[in-house]
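Novice: need a structure here:
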Amino acid sequence: MARKYFGTDGIRGRVGVEPITADFMLRLGRAAGVVLAKDDPRAVVIGKDTRISGYMFESALEAGLSAAGANVAMLGPMPTPAVAYLTRTLYACAGIVVSASHNPYYDNGIKLFSVNGEKFPDAIEEAIEEELEKPFVTVDSSEMGKAVRIDDAAGRYIEFCKGTLPFQTLFNGMRLVVDCANGSTYKVGPAVLRELGAKVKVIGNRPDGMNINDGYGATKPEALQRAVMEHGADAGVAFDGDGDRVIMVDDRGRVVNGDEMLYVLAAARQDSGELTGGVAGTVMTNLGLELALAERGIEFIRTPVGDRFIHQALVEKGWLLGGEASGHILCLDRASTGDGIVSALQVLEVMARTGRSLKELTRAVKKFPQVMINVPIDAARRQELEGSDRIRAEVAAVEEAMRDRGRVILRPSGTEPLIRVTLEGEDKAQIEQLAQRLADVVREELAA
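Specialist: From the prediction side, this is the model:
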């Protein structure tokens with residue numbers, strides 16, 4: 001069944017534009033309650049990031065769930081992975097996050113987690129969409145769900161994060177700058193690191209409902225780079241708005257992305273004998289990581305873009321480690337989903353244990369230049385482009401021009417109405433020119 005609302009990472013869009021409206025969230029809450037919590041006394045937990053619209057959607061979901069007879073546990077502003085963790089440990093039947101991740105404040109959306117703190121399979125999302133098409137029916141008043149607020153949610157999650165490290169790990173004397181993107185990590189992120197002994201300077205920790213991801217966070221690392229240099233820090237850590245991704249900055253102010261962090265973790269685990277199997281990345285993973293892992297004899301596979309596909313691949317192969325350059329990193333022996341705080345802690349632990357800087361630990365990864373051009377697209381025309389003979393011919397011509405020393409990735413965004421034209425190769429000037437040429441062909445096909 002083709003899904004109408006759910007994309008690769010839940011439901012996301014502009015606030016006030018269907019389906020990101022209060023009335024839709026009310027209906028979604030009821031539908032989710034029927035599918036996930038019918039005759040189940042366990043609660044559905046709801047968390048959110050710091051967007052001003054989160055209050056509205058949180059209340060609408062609560063009302064819809066209650067109307068379906070589902071109990072609700074409210075967490076307030078919490079990172080997405082914290083909701084996944086608390087769904088498990090509170091023995092809830094499901095978890096809902098109100099967030100649009102790294103998008104601006106005027107967007108919002110929802111993500112769903114299973115009882116195991118993992119993203120639901122397509123079949124569940126399809127069942128919810130089917131229920132959405134049915135009339136809104138409220139259960140009898142005697143059967144309505146009840147709502148409670150979990151006052152110690154932050155403390156529970158902080159203890160979990162610290163518990164992902166070897167016993168008695170401390171970051172004493174380590175100087176860190178932490179950028180919380182004015183998002184959901186603004187309290188718990190710095191608290192975890194301070195409790196582990198680090199000296200922490202925090203930026204992007206004053207959310208006002210409208211400044212999430214605005215000039216701060218994992219997608220805009222410039223503020224973190226400046227702060228690391230200004231304060232003479234050993235490293236910088238930047239989360240995105242909902243805390244499921246992280247990028248870092250070394251002591252020289254250089255951005256260390258998810259590919260490089262993944263290498264640090266894989267190499268350290270191999271050295272300690274903890275690495276199980278290989279590593280999973282996506283079609284967007286830099287070739288430099290693949291080659292660096294090959295030098296160590298570590299198997300590497302690629303999946304479609306999206307942490308859910310990486311998770312599926314890891315489960316199928318019985319592996320534990322995977323991630324994306326954007327900073328979505330999965331350490332399945334530490335957390336059930338991508339967790340920015342947990343991922344940062346694993347890298348910082350390697351630094352603390354080995355005494356090596358982030359620059360030293362990532363030296364083996366020689367990243368190939370990548371160029372990405374985003375071309376806006378009407379969703380209705382997406383299939384037309386995928387079947388375009390002219391675009392296929394242009395892709396073949398670009399690949400021929402790079403002579404097997406580069407890659408072309410042409411894909412629709414899973415969260416925005418864009419076609420992403422990405423080239424990777426040894427010669428940056430060449431791939432910039434070729435990427436522009438291919439993007440122009442895509443635009444011309446859209447205008448035809």
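Novice: residues contacting the residue nearest to residue 294 when sequence neighbours are not counted?
Specialist: What sits nearest to residue 294 in space, not counting adjacent residues and going by Cβ to Cβ, 6 or more residues apart in numbering, is residue 300, at 7.1 Å. Glycine gets a C-beta too; all of them are placed from N, C-alpha and C. By Cβ atoms under 8 Å, 6 or more residues apart in numbering, residue 300 lies in contact with 278, 279, 280, 281, 285, 289, 290, 293, 294.
Novice: Does the last one belong to a helix, a strand or coil?
Specialist: In other words, residue 294. Recorded secondary structure, residue 294: helix (DSSP: H, G, I helix; E, B strand; the rest coil).
Novice: What count of nearby residues applies to it?
Specialist: 11 (other Cβ atoms under 10 Å).
Novice: Which pLDDT value does the model give it?
Specialist: Looking at residue 294, its pLDDT reads 96.
Novice: In terms of helix, strand or coil, where does residue 422 fall?
Specialist: Following three-state DSSP, we place residue 422 in the strand state.
Novice: Wait, it touches residue 372, no?
Specialist: Yes. Using Cβ atoms under 8 Å, residue 422 makes contact with residue 372 at a distance of 4.5 Å.
Novice: can you tell me how far the residue nearest to residue 294 sits from residue 329?
Specialist: With distances taken as Cβ to Cβ, to the nearest Å, residue 300 is found 15 Å from residue 329.
Novice: where in this protein is pLDDT low?
Specialist: When residues are selected by pLDDT under 70, those of the chain lie in 1-2, 379-387, 414-415.
Novice: tell me, which helix in it spans the most residues?
Specialist: In the chain, ranked by residue count with DSSP state H as the criterion, the top helix is helix 428-447.
Novice: What are the contacting residues of it?
Specialist: With contact meaning Cβ under 8 Å, 6+ apart, helix 428-447 is reached by 369-373, 375, 377-378, 381, 384-385, 388, 390-391, 394-395, 398, 401-402, 406, 408, 410, 419, 421-425.
Novice: Kindly give a single ChimeraX line that selects the buried subset of the residues you listed.
Specialist: Of the contacts of helix 428-447, the buried ones go into a single ChimeraX selection, burial set by 16 or more other Cβ atoms under 10 Å:
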select :369,370,371,373,375,377,385,388,391,394,395,398,402,406,408,410,419,421,422,423,424,425
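Novice: got the domain boundaries for this protein?
Specialist: Annotated domains of the chain cover 11-151, 157-361, 370-447 [automatic domain parsing].
Novice: Tell me how far the residue nearest to residue 294 lies from residue 365.
Specialist: Counting by Cβ to Cβ, the separation of residue 300 from residue 365 is 12 Å.
Novice: Common neighbours of these two, please.
Specialist: Counting by Cβ under 8 Å, 6+ apart, the residues touching both residue 300 and residue 365 are residue 289.
Novice: Wait, residue 45 touches residue 95, no?
Specialist: Yes. Under the criterion of Cβ under 8 Å, residue 45 makes contact with residue 95 at 4.8 Å.
Novice: Neighbour count: the two, which is higher?
Specialist: Neighbour totals were compared for residue 45 and residue 95, and residue 95 leads with 30 against 27 (other Cβ under 10 Å).
Novice: Using CSV, write out every CA atom in stretch 332-348.
Specialist: In CSV, the C-alpha atoms belonging to stretch 332-348 read as follows (Å, rounded to 0.1, in the frame of the first residue of the first chain):
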residue,chain,number,x,y,z
LEU,A,332,23.0,-0.9,18.8
ASP,A,333,24.8,-2.3,21.8
ARG,A,334,24.4,1.1,23.4
ALA,A,335,21.1,2.4,22.2
SER,A,336,18.1,1.2,20.2
THR,A,337,18.2,4.2,17.8
GLY,A,338,20.5,7.0,16.7
ASP,A,339,21.4,9.0,19.7
GLY,A,340,23.5,12.2,19.4
ILE,A,341,24.6,12.3,23.1
VAL,A,342,25.4,8.6,23.3
SER,A,343,27.4,8.8,20.0
ALA,A,344,29.4,11.8,21.2
LEU,A,345,30.1,10.0,24.5
GLN,A,346,31.6,7.0,22.7
VAL,A,347,34.0,9.2,20.7
LEU,A,348,35.0,11.2,23.7
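Novice: how much distance is there from it to the middle of the chain?
Specialist: 12 Å (Cα atoms, centre = their mean, to the nearest Å).
Novice: Tell me where the stretch 251-400 of the chain has helices.
Specialist: 258-272, 287-295, 307-317, 340-354, 358-361, 382-386, 389-402 (DSSP state H, counting those that start in this stretch).
Novice: Pipe these into JSON lines and attach distance to residue 120 per row.
Specialist: Conversion of the helices of the stretch 251-400 of the chain to JSON lines gives the following (distance: least, Cβ to Cβ, whole Å):
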{"stretch": "helix 258-272", "distance to residue 120": "24"}
{"stretch": "helix 287-295", "distance to residue 120": "29"}
{"stretch": "helix 307-317", "distance to residue 120": "10"}
{"stretch": "helix 340-354", "distance to residue 120": "21"}
{"stretch": "helix 358-361", "distance to residue 120": "35"}
{"stretch": "helix 382-386", "distance to residue 120": "24"}
{"stretch": "helix 389-402", "distance to residue 120": "33"}
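Novice: Sweet, I'm off.
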